[in-house]
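Asker: Sequence and predicted structure below; questions after.
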Amino acid sequence: MQEALSWEQVEKVVVAEIEPAVIRWSRDIFGRYNNHALEDIRCEMFCGDFRELLENEQALNPDDPFGRWDLIMVDTDNGNSWLSLPGNAFFYGPDGLDLMRSCLVPGGITCFWCSRREETFESVLGEKFSEISFHRVMEKTGQEGCYYLAFKTAINNR
């Protein structure tokens, strides 16, 4: 959130957090560490399930095949094989990916953080997006983190 808000051209950042305490901590305890990002007028907090946020976004223009978001970042689990909540399996399956893709503008990107390569998920992701890529990064903790980038084609609504 803080990194996204550091870019002048970013008009809005929406963060979905299911746990109210995490939102309070971000504001009250960690505000001095995140540049008080929650106070930025471009930051909107959604306290609830990420799926509900996506469904609300899709419902705004149900007949429009082009979404409004440039980027969706998913950091709910350690990957599809290590879920924080059982209901999060939805985000890694065809219906969840279709929902995310419908919220993206043509050329938009969905990013999934994971703790390792998830080959089953990678296969489903490749069926739903025009291009995907997998990346490994060394985190400050010394542990490896991974992420997938999934691109919605800019030419048609695949």
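Answerer: Thanks, I have the structure now.

Asker: List the pairing partners of the longest strand along the chain within its sheet, with orientation.
Answerer: In the chain, taking DSSP state E as the definition, the longest strand is strand 104-114. Partners of strand 104-114 in the sheet, by DSSP bridges, are strand 69-74 (parallel), strand 144-151 (antiparallel).

Asker: List the contacts of the helix or strand following that strand.
Answerer: Per DSSP states H and E, strand 104-114 leads on to helix 119-128 as the next helix or strand towards the C-terminus. Helix 119-128 is contacted from outside by 79-81, 92-94, 97-98, 101, 112, 114, 132, 134, 148, 150, using C-beta atoms under 8 Å, 6 or more residues apart in numbering. Bear in mind the C-beta positions are built from the backbone N, C-alpha and C, glycine included.

Asker: Quick check: the gap between Gly67 and Cys43.
Answerer: From Gly67 across to Cys43, the span is 20 Å (C-beta to C-beta, to the nearest Å).

Asker: Comparing the two, which residue is more hemmed in?
Answerer: Using other C-beta atoms under 10 Å as the criterion, Gly67 and Cys43 rank with Gly67 on top: 23 against 18.

Asker: and that one, what is it in contact with?
Answerer: Contacts for Gly67 (C-beta under 8 Å, 6+ apart) come out as 57-58, 61, 101-105, 108.

Asker: Are any of the residues you listed buried, and if so which?
Answerer: Listed as buried from the contacts of Gly67 are 57-58, 101-104, 108; burial here means 16 or more other C-beta atoms under 10 Å.

Asker: Just name the closest of those to Arg27, please.
Answerer: Nearest to Arg27 out of the buried ones among the contacts of Gly67 is Glu57 (C-beta to C-beta; 23.6 Å).

Asker: That closest one touches Trp69, doesn't it?
Answerer: Yes. Proximity of Glu57 to Trp69 meets the contact threshold set by C-beta atoms under 8 Å, at 7.2 Å.

Asker: I'm done for today, thanks for sticking with me.
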